[in-house]
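*Asks:* here is the input, now give the coordinates:
(one chain, ligands or ions: 1)
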Amino acid sequence: MPFRKNWFSTLLALLSLVTVEAAWAAPEFHPGTVWLDTDGKPIQAHGGGVLLHDNVYYWYGEDRTPGLRSAVSCYSSTNLLDWKREGVALWQTNLPVVNQRRAFVERPKVIYNPRTKKFVMWMHVEQGRYDFARAGIAVSDTPAGPFTFLQVIRPVANTNDFAAADSDPALQRELGGMFRDMNLFVDDDGRAYVFYASEDNWTMYVARLNGDFTGPETPAVENRTWARILVKEHREAPAPFKWRGRYYLITSACTGWAPNAASYSTADNILGPWKTFGNPCTGTNAAATFGAQSTFVLPAPGRPGGFIFMADRWNPWNLPDSRYVWLPFTMNPDNTFTIPWRDAWNVSDFATQ
Ligand code: DGJ
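*Replies:* Model (predicted):
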């Protein structure tokens, strides 16, 4: 009965469409409020990023659950709103000991390497005084891990004369090797890049990764495999994305845990030159990025030109209680964008901006 079968499968397809739309329909994202996981516990995934793999979203972030020796958590979702805690993606005990103390992790991000079939995590590995400033790299065969820690490195040792007053090659190398706030970006051609605040946060670096994504491409050649960008602009919290062949990078100023004004930069070539523009945020408390700091930009599901700005509203007195500010934005026809504040939103809001 081919007719019946077709009719039935059409009905099923329509029903699933209605279900997907219904899941998006209710006004559900409430930026800055406590966000509970599917077990009713506050989500612990700060300074995080999202990986889409096999139609499932994975949210990785700093796990600041009191008493749990977890460095990085992993949550999963199919609608970006309801997150199931998958568990600890990386344990603190896997981190190196620096000056007799266990290092800690900030701003972990995960990408998938289709050739090695590994999930690869990069992170900022740090200790108390923030002068360890190194990249940590870990891998896993499964998205939730636990990840195996591979190494801590400084991807590029810059010996260029970038700070004339400090024309000491050793100091040049030290500052030029620093690795703090970071993010990963996989380009359309499958090549991956790490963005990170270097030179004591004065200049952002972008470095192409090797084929396994487990280190920088070598030999490192300035402006060919890596580049200094946003030179002396003193920015951190890089959140890259791409739209119509152009690269965008949202960053914050460097004021510790305190919020400040975001800005964004664009480039036609990921290694530069980059040009910086003003703060894209608009509305309540836009001058302080809504009291938050960029961490990631996620392409909105099924909405070309639609993105979700992910930011952290840090609570320095109680870091586990830091909140998430996720806001939708849509690219303008002239490739500019703004990020308006919203008390609540759902995915259908992309169409109405
Ligand atoms: C700002 C960075 O963006 C955060 O990730 C964190 O390192 C704080 N500084 C620490 O003060």
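*Asks:* in space, what's closest to the residue in the stretch 151-300 of the chain positioned nearest to the ligand - neighbours in sequence excluded?
*Replies:* The stretch 151-300 of the chain approaches the ligand most closely through Gly256 (3.9 Å), counting by C-beta to the nearest ligand atom. Yep, even glycine has a C-beta here, placed from its N, CA and C like the rest. In space, and not counting its chain neighbours, Gly256 is closest to Pro316: 7.5 Å by C-beta to C-beta, 6 or more residues apart in numbering.
*Asks:* tell me how many other residues surround that neighbour.
*Replies:* Using other C-beta atoms under 10 Å, Pro316 has 9 neighbouring residues.
*Asks:* so which strand or helix has it?
*Replies:* Using DSSP states H and E, Pro316 falls within no helix or strand.
*Asks:* I'd like to know how far it sits from Arg235.
*Replies:* Counting by C-beta to C-beta, to the nearest Å, the separation of Pro316 from Arg235 is 20 Å.
*Asks:* ok, back up a step: residue contacts, the residue nearest to Gly256?
*Replies:* The contact partners of Pro316, by C-beta atoms under 8 Å, 6 or more residues apart in numbering, come to Gly256, Trp257, Ala258.
*Asks:* just the strands in the stretch 51-200 of the chain please.
*Replies:* With DSSP state E, counting those that start in this stretch as the criterion, the stretch 51-200 of the chain has strands at 56-62, 70-77, 84-91, 97-98, 101-102, 104-113, 118-126, 134-140, 148-153, 182-186, 192-198.
*Asks:* among those strands, which comes closest to the ligand?
*Replies:* Proximity to the ligand, assessed across the strands of the stretch 51-200 of the chain by C-beta to the nearest ligand atom, is greatest for strand 104-113 (4.7 Å).
*Asks:* may I see the buried residues of that closest one?
*Replies:* Phe104, Val105, Glu106, Arg107, Pro108, Lys109, Val110, Ile111, Tyr112, Asn113 (16 or more other C-beta atoms under 10 Å).
*Asks:* can you pull out the helices in this protein?
*Replies:* 2-25, 169-177 (DSSP state H).
*Asks:* average model confidence for the longest one?
*Replies:* Averaging pLDDT along helix 2-25 yields 46.
*Asks:* measure the residue nearest to Gly305 when sequence neighbours are not counted to the ligand for me?
*Replies:* The shortest distance from Gly305 to any non-neighbouring residue, by C-beta to C-beta, 6+ apart, is to Met331 (4.2 Å). Computed as C-beta to the nearest ligand atom, to the nearest Å, the Met331 to the ligand distance reads 25 Å.
*Asks:* which residues does Met331 contact?
*Replies:* By C-beta under 8 Å, 6+ apart, the residues touching Met331 are Trp243, Arg244, Gly305, Gly306, Phe307, Phe337.
*Asks:* which ones are touching the fourth one?
*Replies:* Right, the one you point to is Gly306. Pro299, Ala300, Pro328, Phe329, Thr330, Met331, Phe350.
*Asks:* using TSV, lay out these together with pLDDT.
*Replies:* Listed next are those as TSV, based on pLDDT from 0 to 100:
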residue	pLDDT
Pro299	97
Ala300	95
Pro328	96
Phe329	96
Thr330	96
Met331	97
Phe350	68
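*Asks:* of the buried residues of strand 104-113, which are in range of the ligand?
*Replies:* Taking C-beta under 6 Å from any ligand atom, the overlap between the buried residues of strand 104-113 and the neighbourhood of the ligand is Glu106, Arg107.
*Asks:* of the buried residues of strand 104-113, closest to Tyr58?
*Replies:* Closest approach to Tyr58 among these (C-beta to C-beta): Val110, at 6.8 Å.
*Asks:* what's the closest of the contacts of Met331 to Ile137?
*Replies:* Minimum distance to Ile137 across these is 26.8 Å, recorded for Phe307 (C-beta to C-beta).
*Asks:* residues near the closest one, how many?
*Replies:* Neighbour count of Phe307, defined by other C-beta under 10 Å: 24.
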